[in-house]
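A.B. asks: requesting a structural model of the entry that follows:
(2 chains)
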There are 2 protein chains.
Amino acid sequence: MAKEFWIGFDLGGTKMMATVFDKNFKILGSKRKKTKSSDGETGAERLVGVVEEALLEAKIDKDDLCGIGIGFPGPLDLNDGIVLESPNLGWKNFDLRGLLEKKFKCPVVVGNDVDVGTYGEYKFGAGQKSRCVVGVFPGTGIGGGCVYEGKILRGKKLSCLEIGHMQMIQNGRLCGCGRRGCLETLSSRLAIAAESAMAVYRGEAPHLEKIAGTDVSQMRSGAIAEAIHEGDEIIELIVRNAARWLGIAVANTVNLLAPEIVVLGGGLVEAMKEIYVEEVEKAVDNFAMKSLADEVEIMAAKLGDDAGVMGAAALAKDTFTKE
Amino acid sequence: MAKEFWIGFDLGGTKMMATVFDKNFKILGSKRKKTKSSDGETGAERLVGVVEEALLEAKIDKDDLCGIGIGFPGPLDLNDGIVLESPNLGWKNFDLRGLLEKKFKCPVVVGNDVDVGTYGEYKFGAGQKSRCVVGVFPGTGIGGGCVYEGKILRGKKLSCLEIGHMQMIQNGRLCGCGRRGCLETLSSRLAIAAESAMAVYRGEAPHLEKIAGTDVSQMRSGAIAEAIHEGDEIIELIVRNAARWLGIAVANTVNLLAPEIVVLGGGLVEAMKEIYVEEVEKAVDNFAMKSLADEVEIMAAKLGDDAGVMGAAALAKDTFTKE
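C.D. replies: Residues are numbered from 1 along each chain as shown, chains lettered A, B, ... in the order given. Purely as a prediction, here's the structure:
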């Protein structure tokens, strides 16, 4: 094929991003926009618009597209490319693959966002060529993904690696999923923010107080990292404890899947790489079987924001290219 | 191939068993013996002897053997068929595959015992034809296995699915692995026996007292089941609580692997199927993501003692037969 172009699309809770790649995964054009809560039609239009603008920037005609890959946060029917539910976009049983295939006249594959990000790291970043790579992305929620012998590990219809809802503490804090004591209640950005807000309220974190006050919605990863950097020791303790719980969940996952690489990614890790890698390494040494802990390497993601779009485009290429 | 015979070998902590199968997995002969602690040489002789006696009983010449599959408890180098360590047989870095290939002049494959048992259930028992089957076998320890898209899920060199050492309680009871709070400290036969012995000592379990006294080594699965049957309600509570913890670990595994079938097997489950299936089902409903809990079925193993030898023989056949 003379002309071979692929699009990777990453739909996040706060922003969406489309990138056009050539066959060697050189970036030809990229476009990002904020994700806005809306009804289905408007959300879909917005998404299509971002793809079109990325094509414009890359100066690629949509007739030359070989395929589109999408990373999507939230429950999907992987077989049919249907979004089962998306609070951010107001979608329910929305045929995302159908819409895009009709609009761009090329094959489309839809995957879970963290699976796709892990696939990106596996192909181009931290986990290259490893037999088994687990990705763990703590953020507002905590997502997991796994590439096993070159393919994304998955359920029959749904994605798997739901590490954020691993049961860590009996009768723990209430989770967004309706249960108690899930990892997300201990290690998500929101859990860190809530505990940090308590410390600010008690007057123990003067730097974070200046940046964010006691408002958990202002305590983004960058704000937390900055407060630690400025000297709020209690905030560092809070983050280290959250990272330690994350590490225990990673240790359980290492015991089950025996990966060679665990890639840590997402906003929190991006902002505080050393703390995360250090605490997760320590927890894996303490809580995974020695023989399996010895075989795994914990590392921070290398592709940053590009993991999603690169993984999505590579997934499209690997899905639709027959050797 | 006119003559096609396979041997499955199951090496357990208390007994070893070899069975000869024809190509349709009809049993032609079978032999079992107690596993005895010994030095490496004697253990190996014993193992070879059991295979030879099974061949004798089946009236099969060893020259007609197509392959041998072995399920082994304890750490293995799966690639080279080497037993890294076996407390029961006194082996360390023992080349089990090499020995048997030399002795029987046919290809040999060595796998983890629970992986192989799960493979047996996948091929012939409870998990037939399912895309993803997880096996959980609580006993003296708690082993796990997974068959994913027809193949045993594994580590680079070691087996995986070490569900028995999932971290359940921070600073919990001491585990045989040296850590604290592992699932085995809550749900193994030994954990149940220890808690039951306390109840007997307090005079709360008169039936178990008659059967086993306060000696944990006398509290085998059958004794525990019998005491419950006779009316020791507190022993039932103890077993149900252990099964519930097992169920929480299964729920975490369901969240990570999204299997269609979870097969529960081993001595405890064999003796108390209803209690185990009921409590694990309940825990999966309570602690796994709803969408994934809805897609999984919990069932008791169907092959009993034959799961190991059937799985091992099938693994040999599937490994060494090219279509």
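
A.B. asks: roughly how far apart are the nearest residue to A:G176 once chain neighbours are set aside and B:A54?
C.D. replies: What sits nearest to A:G176 in space, not counting adjacent residues and going by Cβ to Cβ, 6 or more residues apart in numbering or on different chains, is A:E184, at 6.8 Å. Glycine gets a C-beta too; all of them are placed from N, C-alpha and C. Per Cβ to Cβ, to the nearest Å, A:E184 is found 52 Å from B:A54.

A.B. asks: with neighbour numbers in mind, choose between the two.
C.D. replies: When neighbours are counted by other Cβ atoms under 10 Å in any protein chain shown, A:E184 comes out ahead of the other of A:E184 and B:A54, with 28 against 24.

A.B. asks: which ones are touching that one?
C.D. replies: Taking Cβ atoms under 8 Å, 6 or more residues apart in numbering or on different chains as the contact definition, A:E184 lies against A:141-142, A:164-165, A:175-177, A:190-191.

A.B. asks: next, it: phi, psi?
C.D. replies: Torsion angles at A:E184 (phi, psi; degrees, to the nearest 10) stand at phi -60, psi -30.

A.B. asks: let me know the helix or strand that the most centrally placed residue in chain A is in.
C.D. replies: The geometric centre of chain A, computed from its C-alpha atoms, lies nearest to A:V114 (Cα atoms, centre = their mean), at 3.8 Å. If you go by DSSP states H and E, A:V114 is part of helix A:113-124.

A.B. asks: contacts made by that helix with the rest, please.
C.D. replies: By Cβ under 8 Å, 6+ apart, helix A:113-124 touches A:10-12, A:25, A:69-73, A:111, A:127-128, A:130, A:133-135, A:137, A:143-147, A:152, A:154, A:159, A:161, A:263, A:265, A:301-303, A:306-312, A:314-315.

A.B. asks: mind listing the strands for the stretch 1-150 of chain A?
C.D. replies: Secondary structure of the stretch 1-150 of chain A by DSSP state E, counting those that start in this stretch: the strands cover A:5-11, A:15-22, A:27-34, A:65-72, A:76-77, A:82-86, A:91-94, A:108-112, A:132-138, A:142-148.

A.B. asks: would TSV of the ones you listed with mean neighbour count be doable?
C.D. replies: TSV is the format used below for those (neighbours: other Cβ atoms under 10 Å in any protein chain shown):
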stretch	mean neighbour count
strand A:5-11	28
strand A:15-22	23
strand A:27-34	16
strand A:65-72	26
strand A:76-77	20
strand A:82-86	19
strand A:91-94	16
strand A:108-112	25
strand A:132-138	29
strand A:142-148	27
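
A.B. asks: for B:E85, which of the ones you listed is the nearest?
C.D. replies: strand A:132-138 (23.1 Å; Cβ to Cβ).

A.B. asks: adding distance to B:H229 and mean pLDDT, write the strands of the stretch 1-150 of chain A out as CSV.
C.D. replies: Output for those, formatted as CSV (distance: least, Cβ to Cβ, whole Å; pLDDT from 0 to 100):
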stretch, distance to B:H229, mean pLDDT
strand A:5-11, 56, 96
strand A:15-22, 61, 95
strand A:27-34, 64, 94
strand A:65-72, 52, 96
strand A:76-77, 46, 96
strand A:82-86, 45, 88
strand A:91-94, 49, 88
strand A:108-112, 47, 97
strand A:132-138, 44, 97
strand A:142-148, 42, 97
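
A.B. asks: can you redo those strands as CSV with distance to B:E278?
C.D. replies: Shown next, in CSV, are the strands of the stretch 1-150 of chain A (distance: least, Cβ to Cβ, whole Å):
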stretch, distance to B:E278
strand A:5-11, 41
strand A:15-22, 45
strand A:27-34, 49
strand A:65-72, 37
strand A:76-77, 31
strand A:82-86, 30
strand A:91-94, 34
strand A:108-112, 32
strand A:132-138, 32
strand A:142-148, 29
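
A.B. asks: in JSON lines: the ones you listed, plus distance to chain B.
C.D. replies: What follows is the strands of the stretch 1-150 of chain A, written out as JSON lines (distance: least, Cβ to the nearest Cβ, whole Å):
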{"stretch": "strand A:5-11", "distance to chain B": "19"}
{"stretch": "strand A:15-22", "distance to chain B": "24"}
{"stretch": "strand A:27-34", "distance to chain B": "28"}
{"stretch": "strand A:65-72", "distance to chain B": "15"}
{"stretch": "strand A:76-77", "distance to chain B": "10"}
{"stretch": "strand A:82-86", "distance to chain B": "8"}
{"stretch": "strand A:91-94", "distance to chain B": "13"}
{"stretch": "strand A:108-112", "distance to chain B": "11"}
{"stretch": "strand A:132-138", "distance to chain B": "7"}
{"stretch": "strand A:142-148", "distance to chain B": "7"}
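
A.B. asks: and B:L47, which of these is closest to it?
C.D. replies: B:L47 lies closest, by Cβ to Cβ, to one member of the strands of the stretch 1-150 of chain A: strand A:132-138, at 31.5 Å.

A.B. asks: taking the stretch 51-200 of chain A, what residue is nearest to chain B?
C.D. replies: Closest contact between the stretch 51-200 of chain A and chain B, by Cβ to the nearest Cβ, is at A:G155 (3.0 Å).

A.B. asks: and the nearest residue to that residue once chain neighbours are set aside, what pLDDT?
C.D. replies: Nearest non-adjacent residue to A:G155, counting by Cβ to Cβ, 6+ apart: B:A258, 3.0 Å away. B:A258 is assigned 98 on the pLDDT scale.

A.B. asks: and B:A258, what does it touch?
C.D. replies: A:154-156, A:158-160, B:132, B:292, B:295-296.

A.B. asks: CSV for those, including distance to A:E281 and secondary structure?
C.D. replies: As requested, the contacts of B:A258 are arranged in CSV below (distance: Cβ to Cβ, whole Å; DSSP: H, G, I helix; E, B strand; the rest coil):
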residue, distance to A:E281, secondary structure
A:R154, 28, strand
A:G155, 29, coil
A:K156, 34, coil
A:L158, 31, coil
A:S159, 26, strand
A:C160, 24, coil
B:C132, 30, strand
B:L292, 29, helix
B:E295, 34, coil
B:V296, 32, coil
